[in-house]
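Undergrad: Pasting the sequence and the predicted model now:
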Amino acid sequence: MAEIITMPRLSDTMEEGVVAKWLKKVGDKVNEGDILAEIETDKATMEFESFHTGTLLYIGLKEGESAKVDTLLAIIGKEGEDISALIAGGAQASAPKAEEAKPVAEVTTAPVAGATIPAGVEVVTMPRLSDTMTEGTVASWLKKVGDTVKEGDILAEIETDKATMEFESFYSGTLLYIGLKEGESAAVDSLLAIIGPAGTDVNAVLAAVKAGGASTSAPATPKAESKPAETATPAANANDRVFASPLAKKIAQDKGINLTEVKGTGENGRIVKKDVENFTPSAKVATATTATPATASAAIPTVIPVGVEVTEEVKNSQMRKTIAKRLAESKFTAPHYYLAIEIDMDNAMESRTQINNLPDTKISFNDMVVKACAMALKKHPQVNTSWKGDTTLYNKHVNVGVAVAIEDGLVVPVIKFTDTLTLTQIGALVKDLAGKARNKKLTPAEMEGSTFTVSNLGMFGVDVFTSIINQPNSAILSVGAIVEKPVVKNGQIVVGHTMQVTLACDHRTIDGATGAQFLQTLKAYIENPVTMLA
């Protein structure tokens, strides 16, 4: 008897999925455990295996199409079995009409003329490189039309809402078409490029894509044999091509550095930004300092006449647009309220000095705040929650996100299981993740899963400020600068050091008294750092 396969729920937050690629086609034999398709969820693209054995009789969604969880995805049964009633019962818009009762062969193998993608041709779409990404921008193409592409080669650098990431090819062939120029943006799953045999009629492929044609290509070309000797440093191959990021190339060009002299520390010996910035040329100093008249004139700043109104319109980056969208959603959906408290920092300053006097040990005040927050969250679980509409999600683990300002905006790397880490471990992780953030090397996994967020502007001299909650968190702590001022101790006015922190709370999950109690616990930990070491 035929078995109906529905869109699986592959993550706890998944509501619908997209068929990224079918690995079986109608008429293929399927064994239990075979991979049927690659399904793109809200978090990642995952393989979906069959739990049944038989013949794949029907496919309900084409590649690139999306559907809700539990929607008809495919039917597996005996070859020649009548499945028209099952298809009609699936209530899919893409399914054939019930009254037509067409045989299986007619349902699945009668595409519109010209709507079939030739064998061996693969359509590459804009990937979803982060859980919140809805569109991407092509920062740079590392291949051009006509280039030979191997599986695993870096096709382009894609700017997402969180970082600029390398996008590698999953196919081998010739790059036949590029759908987006550098700097252009498109929604996830939009046409990005076409890879296939040289000489393929690209216009026909584009027409098939627009008509919704499904690829009839065979499985991807087998991987070419790896040649470690060609990918190791130095970062150039037998054709004298230098493997470097576009940013590294630009910096090298500006500084007059020959990239063939630079040793790459990136993946497979690729030269990255820091390699160029840390490179010290020897005999090239004279060349680098001798500027042509054109170079010299380019460095002259633009002169704006007095009394003339001048404006410049700058295109918003994907990160900036996403920050605007998410913070607006948070501000206007979560009822914010704010609680502020002043903390005596004298003991914290003395404790930090003693800790940093230890060999190979260095922590910041921010590390102490992060640790104190993690411990306070364990004592006040109501603050470590997420609003889910009909339910409130209580997080039993503590993952503190630390807001990091970068050139394009703001990212929040996450310190996983913060309550289990020492101050030294927290300091090392924050330093590492902040460095990755500024170099746009954070991975999506390093920015996911926070249960609470800390934002610190104290290093900029800001005494007090409020932050917008980083949903789905229920609270965010704003940390100001340590200020030297007169304070009252034991009835006497003395010079002291204080720091003001402000807690923004979601009133749907955290009541005022709960937020106040959390701040009292936080204050006790920071004013007596030894209690965090117990």
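TA: Yes, it's here. These numbers were taken from a predicted model, which means no experiment stands behind them.
Undergrad: Verify the contact between Ala252 and Thr260 for me.
TA: No. In this structure, Ala252 is not within contact of Thr260 by CB atoms under 8 Å, at 10.1 Å. Every residue, glycine included, has its C-beta placed from N, CA and C.
Undergrad: the more surrounded of those two?
TA: It is Ala252, of Ala252 and Thr260, that has more neighbours when counted by other CB atoms under 10 Å, with 22 against 11.
Undergrad: List the residues that contact that one.
TA: Each residue near Ala252 by CB atoms under 8 Å, 6 or more residues apart in numbering is listed here: 244, 258-259, 262, 271, 276.
Undergrad: now, which of those sits nearest Ala119?
TA: Ala244 (35.7 Å; CB to CB).
Undergrad: Could I get the full set of helices for this structure?
TA: 84-89, 104-108, 202-210, 228-231, 246-255, 273-277, 285-289, 293-298, 318-333, 346-356, 365-379, 423-438, 512-527 (DSSP state H).
Undergrad: Tell me which of those lies nearest to Glu407.
TA: helix 423-438 (7.7 Å).
Undergrad: Check which helices and strands the closest one is in contact with.
TA: Helix 423-438 is packed against helix 365-379, strand 400-402, strand 404-406, strand 414-415, with contacts defined by 3 or more CB pairs under 8 Å, 6 or more residues apart in numbering; DSSP states H and E.
Undergrad: and of these, who's closest to Val495?
TA: The nearest among the helices and strands packed on helix 423-438, by CB to CB, is helix 365-379 at 18.5 Å.
Undergrad: which parts of that closest one are buried?
TA: 365-377 (16 or more other CB atoms under 10 Å).
Undergrad: what's the answer for stretch 257-264, then?
TA: Neighbour counts using 16+ other CB under 10 Å place 257, 259, 262, 264 of stretch 257-264 among the buried residues.
Undergrad: Kindly check the end-to-end length of it for me.
TA: In stretch 257-264, first residue to last residue: 14 Å (CA to CA, to the nearest Å).
Undergrad: least reliable of the helices and strands packed on helix 423-438 going by mean pLDDT?
TA: Lowest mean pLDDT within the helices and strands packed on helix 423-438: strand 404-406, at a mean of 88.
Undergrad: if we can go back for a sec, export the helices and strands packed on helix 423-438 as a markdown table, with columns for distance to Ser172.
TA: Below are the helices and strands packed on helix 423-438 laid out as a markdown table (distance: least, CB to CB, whole Å):
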| stretch | distance to Ser172 |
| --- | --- |
| helix 365-379 | 46 |
| strand 400-402 | 39 |
| strand 404-406 | 35 |
| strand 414-415 | 36 |
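Undergrad: Near the nearest residue to Met165 once chain neighbours are set aside, how many residues? Count them for me, please.
TA: Of all residues not flanking Met165 in the chain, Leu129 sits nearest, at 5.1 Å (CB to CB, 6 or more residues apart in numbering). Leu129: 21 surrounding residues under other CB under 10 Å.
Undergrad: Likewise for Val30?
TA: 20.
Undergrad: And it, how far from Lys371?
TA: Computed as CB to CB, to the nearest Å, the Val30 to Lys371 distance reads 52 Å.
Undergrad: Between the two ends of stretch 16-35, how far is it?
TA: End-to-end distance (CA to CA), stretch 16-35: 19 Å.
Undergrad: Let the chain start at 57 from now.
TA: Yep, numbering from 57; the last one is stretch 72-91 now.
Undergrad: tell me which residues in it are buried?
TA: 73-78, 80, 82, 86, 90.
Undergrad: Ok, stretch 531-545 next?
TA: Counting neighbours by 16+ other CB under 10 Å, stretch 531-545 gives 531-539 as buried.
Undergrad: Repeat that for stretch 490-502.
TA: 490, 492-493, 496-498, 500, 502.
Undergrad: thinking again about what came up before, could you dump the contacts of Ala308 to JSON lines with pLDDT and distance to His108?
TA: Below are these laid out as JSON lines (pLDDT from 0 to 100; distance: CB to CB, whole Å):
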{"residue": "Ala300", "pLDDT": "72", "distance to His108": "49"}
{"residue": "Asn314", "pLDDT": "83", "distance to His108": "60"}
{"residue": "Leu315", "pLDDT": "81", "distance to His108": "54"}
{"residue": "Val318", "pLDDT": "85", "distance to His108": "55"}
{"residue": "Ile327", "pLDDT": "81", "distance to His108": "49"}
{"residue": "Val332", "pLDDT": "81", "distance to His108": "54"}
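Undergrad: got the residues you listed as TSV, with distance to Val520 columns?
TA: What follows is these, written out as TSV (distance: CB to CB, whole Å):
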residue	distance to Val520
Ala300	44
Asn314	50
Leu315	47
Val318	45
Ile327	44
Val332	40
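Undergrad: and which of these is nearest Ser196?
TA: Taking the contacts of Ala308 together and measuring to Ser196 by CB to CB, the closest member is Ala300, at 11.1 Å.
Undergrad: pretty sure the closest one contacts Gly320?
TA: Yes. Look at Ala300 against Gly320 with CB under 8 Å: they come within range, at 7.0 Å.
Undergrad: Please point out which parts of stretch 59-74 sit buried.
TA: Neighbour-count burial for stretch 59-74 [16+ other CB under 10 Å]: 60-61, 63-64, 66, 70, 73-74.
Undergrad: whoops, I mixed them up, stretch 90-102
TA: 90, 92-99, 102.
Undergrad: Understood, closing this out.
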